[in-house]
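Need a 3D model of the sequence below.
(2 chains)
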Amino acid sequence: NAGVTQTPKFQVLKTGQSMTLQCAQDMNHNSMYWYRQDPGMGLRLIYYSASEGTTDKGEVPNGYNVSRLNKREFSLRLESAAPSQTSVYFCASSEGRDRQPQHFGDGTRLSIL
Amino acid sequence: DQQVKQNSPSLSVQEGRISILNCDYTNSMFDYFLWYKKYPAEGPTFLISISSIKDKNEDGRFTVFLNKSAKHLSLHIVPSQPGDSAVYFCAASARETSGSRLTFGEGTQLTVNP
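I've put the predicted structure just below:
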């Protein structure tokens, strides 16, 4: 049971480079989410997709774009990476109804120099 | 502004004793609360939840208490085990939000000493 799979697990970028973080879930969930986790700040929502074909901004969307490619896949793109985007990024999915809990991937640790 | 706050960054308890993790919230629209547990280099995993129509929910060694008037919830772990050592996140959602959006607290590092 893979659950939520994120790739890559680690990445180092230079300022100004672009990158796409990939996320796929095999639980037939409707909703998917991208979070970032920074020390002392918990998890903050970047973007989410309540259902296939829709995306919405979360708490900290600036500097990011997302694509809900299909029901399984939700990607996060950094067009021009900045040191402030150094973080651990988590993808999650949920059924999106009846308050079913979100299931998380193991994260992508991203460093921007 | 931090709508969900965990004021204790860390907590240390002895094996077999009770662990109590606290969480406060400010948004009165929140009506569903969850606790997640996170080990290093892994994603958070769901632990237990509670709806605002209840004041207590129990699952084995884990019990969550909700005090709506104080906008406060707590997670009790009894008895605590070394394997419970992890970061615990409190999270909240409001019915009006689509896609079950969650707002997380900062997390509390629990260490259970053998």
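
Flag the shaky bits of the chain, pLDDT-wise.
No chain specified, so I'll use chain A. Applying pLDDT under 70 to chain A flags the ranges A:1, A:98.

look at chain B instead
In chain B (pLDDT under 70), the answer is B:96-99.

Can you pull the residues of it lying near chain A?
Counting by C-beta under 8 Å from any C-beta of the partner chain, the residues of chain B close to chain A are B:4, B:6, B:9, B:32, B:34, B:36, B:41-46, B:49, B:51, B:89, B:93, B:98-107. Every C-beta, even on glycine, is put in place using the N, C-alpha and C of the backbone.

thought B:S28 was touching B:K71?
Yes. Counting by C-beta atoms under 8 Å, B:S28 does reach B:K71; the two are 7.4 Å apart.

So these two - more neighbours on which side?
Between B:S28 and B:K71, counted using other C-beta atoms under 10 Å in any protein chain shown, the more crowded position is B:K71 (17 against 9).

got the residues of chain A near chain B?
Residues of chain A lying near chain B (C-beta under 8 Å from any C-beta): A:4, A:30-31, A:33, A:35, A:40-45, A:48-51, A:56, A:58-59, A:90, A:92, A:94, A:96-97, A:99-107.

Stretch A:6-24: how far from the chain's middle?
Distance, stretch centre to chain centre, for stretch A:6-24: 11 Å (C-alpha atoms, centre = their mean, to the nearest Å).

gap between A:T55 and B:E42?
Distance of A:T55 to B:E42, computed by C-beta to C-beta, to the nearest Å: 26 Å.

Which one's more surrounded, these two?
Counted by other C-beta under 10 Å, A:T55 and B:E42 do not tie: A:T55 has more neighbours, with 17 against 13.

My read is that the more buried one contacts A:R68, right?
Yes. At 5.7 Å, A:T55 counts as touching A:R68 under the criterion of C-beta under 8 Å.

Give the residues shared as contacts by the two.
A:S49 (C-beta atoms under 8 Å, 6 or more residues apart in numbering or on different chains).

coming back round to it: what subset of the residues of chain B next to chain A is buried?
Burial by neighbour count, 16 or more other C-beta atoms under 10 Å in any protein chain shown: within the residues of chain B next to chain A this picks out B:4, B:6, B:32, B:34, B:36, B:43-44, B:46, B:49, B:89, B:93, B:99-107.

Now intersect those residues with the strands, please.
B:4, B:32, B:34, B:36, B:46, B:49, B:89, B:93, B:103-104 (DSSP state E).

Including distance to A:R77, could those residues go into TSV?
Conversion of those to TSV gives the following (distance: C-beta to C-beta, whole Å):
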residue	distance to A:R77
B:V4	28
B:Y32	31
B:L34	28
B:Y36	26
B:F46	28
B:S49	32
B:F89	26
B:S93	26
B:T103	24
B:F104	23
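
wait, which of those residues is closest to B:K56?
B:K56 has its nearest neighbour among these in B:S49, at 12.1 Å by C-beta to C-beta.

wait, the closest one sits on B:F33?
Yes. Between B:S49 and B:F33 there is a contact at 6.5 Å, judged by C-beta under 8 Å.
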